[in-house]
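1. just coords:
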Ligand code: PHE
């Protein structure tokens, strides 16, 4: 009937014979693409007289539709065939046993934090957290370290550049108030303040987390982990602190013969302040916690800082120090992990070496529990 019918039949035959999606696509471009012959035919409509157009348009549109349908049908058929092929060849044997060596492990720091959370949960403590990017007020001032306090110098603080309220760097003449100055928290003690402000009293929390100090050698890394403990209640005294630490350390090191020695010390946020030493004995050239530190071959190891919460700190946090008293302590989590699991280089904790983790890591199935043992190894 017309000149393009044979071309259409050729195209339909080619489409039906096309074996791949790419071949179908090439045929589509050849016919229906911008420069394709059907598109060219459609363009001729514009140049026709209305009568001519009325006569030819339906036929040309019919060709376009027929070819478009054939292409869609062929694509679908090829897709279906491909899916059938994959379903037939790709199999997943769900009955295969799990690999013998498990992949991935729990980092000792995470493990120890879980152990501590378990031990303290049993004593009625909940876990609190605070931001690692902290402001000057929470990290220092509210902990009784005024701007000029000499204790600040011992913290090797990482400060952020001063910013004004709009986030622009402030010039020294328009320096932001010290209260809002931002820093990387140097200890977990600011969580004491945040918890008291948010929850009021009574309170019983531990706060594990990362802390930062500009310090680096075999036993110091710029980032390390601490766990803070805080109890605020009525008539709290040093005896409560000592009992709690003793109970915690016995449970953590899984030994009943943990002996503590409390030495007077100084922290601006506690009064009185006590440094806590733990007795150790030397076994195979290694210090193992336990036993009286005074016996021959034994010694004392400094482990943590603690004390009775300073009245001024309670006041800063909005509590009446005549009504509420508290005790607090802070201890290095990495240090606890090294002592318990006999690891001697702190830096290896943060190397991300798979071999180290395979050796010192813990099974994800080995959840610390008081009944099963907080230190059980798979
Ligand atoms: N924040 C102290 C430090 O980092 C430890 C501490 C916490 C001491 C709580 C007393 C009470 O060294």
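-> Good, I have the coordinates. This one's a predicted model, so the numbers in the text were calculated from it and none came from an experiment.
2. what lies in contact with stretch 232-240?
-> 196, 201-204, 231, 262, 272, 274, 308-309, 314, 319, 323-327 (CB atoms under 8 Å, 6 or more residues apart in numbering). Placement of C-beta: from N, CA and C, glycine included.
3. phi, psi for the residue of the stretch 201-350 of the chain found nearest the ligand please.
-> Residue of the stretch 201-350 of the chain nearest the ligand, by CB to the nearest ligand atom: residue 330 (2.7 Å). Backbone torsions of residue 330, given as degrees, to the nearest 10, read phi -140, psi 130.
4. next one: residue 318
-> According to degrees, to the nearest 10, residue 318 has phi 90, psi 20.
5. secondary structure element holding the closest residue to it other than its chain neighbours?
-> In this structure, residue 318 finds its nearest non-sequential neighbour in residue 197, 6.0 Å apart by CB to CB, 6 or more residues apart in numbering. Assigned by DSSP states H and E, residue 197 belongs to helix 190-199.
6. again with residue 271
-> Per DSSP H and E: strand 270-283 holds residue 271.
7. each with direction, which strands does the lowest-mean-pLDDT helix or strand in the chain pair with?
-> Taking mean pLDDT, DSSP states H and E as the measure, strand 286-289 is the helix or strand of the chain with the lowest mean score, a mean of 88. Each strand that pairs with strand 286-289, with its direction, by DSSP bridges: strand 270-283 (antiparallel).
8. okay, buried residues for the strand it pairs with please.
-> Using 16 or more other CB atoms under 10 Å as the test for burial, strand 270-283 gives 270, 273-281.
9. among those residues, which are within reach of the ligand?
-> Here is what survives when these are matched to the ligand using CB under 6 Å from any ligand atom: residue 270.
10. and the buried residues of strand 270-283 as a markdown table, adding pLDDT?
-> Below are those laid out as a markdown table (pLDDT from 0 to 100):
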| residue | pLDDT |
| --- | --- |
| 270 | 98 |
| 273 | 98 |
| 274 | 98 |
| 275 | 97 |
| 276 | 97 |
| 277 | 96 |
| 278 | 95 |
| 279 | 95 |
| 280 | 94 |
| 281 | 92 |
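11. need the residues of this protein near the ligand, please.
-> Residues of the chain lying near the ligand (CB under 6 Å from any ligand atom): 187, 189, 228, 267, 270, 305-307, 328-330.
12. from those, pick the one nearest residue 85.
-> residue 228 (60.6 Å; CB to CB).
13. beyond the host helix or strand of the closest one, next helix or strand please.
-> Per DSSP H and E: residue 228 is located in strand 223-233. Using DSSP H and E, the helix or strand that follows strand 223-233 in sequence is helix 238-253.
14. kindly list the main-chain dihedrals of whichever residue of the stretch 1-150 of the chain sits closest to the ligand?
-> The minimum distance from the stretch 1-150 of the chain to the ligand, using CB to the nearest ligand atom, falls at residue 143 (7.9 Å). Main-chain dihedrals, residue 143, degrees, to the nearest 10: phi -100, psi 20.
15. got it, and the one 3 residues further on?
-> Recorded main-chain torsions at residue 146 are phi -60, psi 170, according to degrees, to the nearest 10.
16. ok, now residue 210?
-> Torsion angles, degrees, to the nearest 10, at residue 210: phi -80, psi 140.
17. how many other residues sit next to it?
-> 14 (other CB atoms under 10 Å).
18. before we move on, what about residue 189?
-> So residue 189, with other CB under 10 Å, has 29 neighbours.
19. circling back to that earlier point, for the residues of the chain next to the ligand, pick the one with the most neighbours.
-> residue 189 (29 neighbours).
20. who's in contact with it?
-> Taking CB under 8 Å, 6+ apart as the test, what residue 189 contacts is 139, 143, 228, 269, 328, 330.
21. farthest pair within those residues?
-> 139 and 328 (14.8 Å).
22. rewinding a little: list of residues touching the helix holding residue 197?
-> 128-130, 134, 138-139, 142-143, 203, 205, 207, 209, 228, 230, 232, 269, 309, 313-314, 316-319, 328.
23. buried stuff in that helix?
-> Going by 16+ other CB under 10 Å, helix 190-199 has these buried residues: 190-196.
24. and that helix, how far from the chain's centre?
-> 22 Å (CA atoms, centre = their mean, to the nearest Å).
25. for it, what is the average pLDDT?
-> Averaged over helix 190-199, pLDDT sits at 98.
26. and the angle from it to strand 223-233?
-> Note on geometry: by axes from the mean of the first three to the mean of the last three CA atoms, to 10 degrees, helix 190-199 and strand 223-233 are set 40 degrees apart in direction.
27. quick one: which of the contacts of helix 190-199 sit in strands?
-> Those of the contacts of helix 190-199 mapping onto strands are 134, 203, 205, 207, 209, 228, 230, 232, 309, 328, per DSSP state E.
28. among the contacts of stretch 232-240, name the buried ones.
-> 196, 201, 203-204, 231, 262, 274, 308-309, 314, 319, 324-327.
29. could you find the closest non-adjacent residue to residue 302?
-> residue 277 (5.3 Å).
30. and the one you found, what does it touch?
-> Neighbours of residue 277 in contact, by CB under 8 Å, 6+ apart: 260-263, 293, 300-303.
31. and it, how far is that from residue 191?
-> 25 Å (CB to CB, to the nearest Å).
32. closest point of the stretch 51-200 of the chain to the ligand, which residue?
-> residue 187 (3.4 Å).
33. sec struct for that residue, please.
-> coil (DSSP: H, G, I helix; E, B strand; the rest coil).
34. that one touches residue 224, doesn't it?
-> No. The pair residue 187 / residue 224 is not scored as a contact, 10.2 Å apart, by CB atoms under 8 Å.
35. any residues in contact with both of these two?
-> In terms of CB under 8 Å, 6+ apart, residue 187 and residue 224 are both contacted by the residues residue 211.
36. quick one: which helix or strand includes the residue lying farthest from the centre of the chain?
-> Among the C-alpha atoms of the chain, the one most distant from their mean position (CA atoms, centre = their mean) is that of residue 51, at 74.0 Å. Per DSSP H and E: residue 51 is located in helix 50-89.
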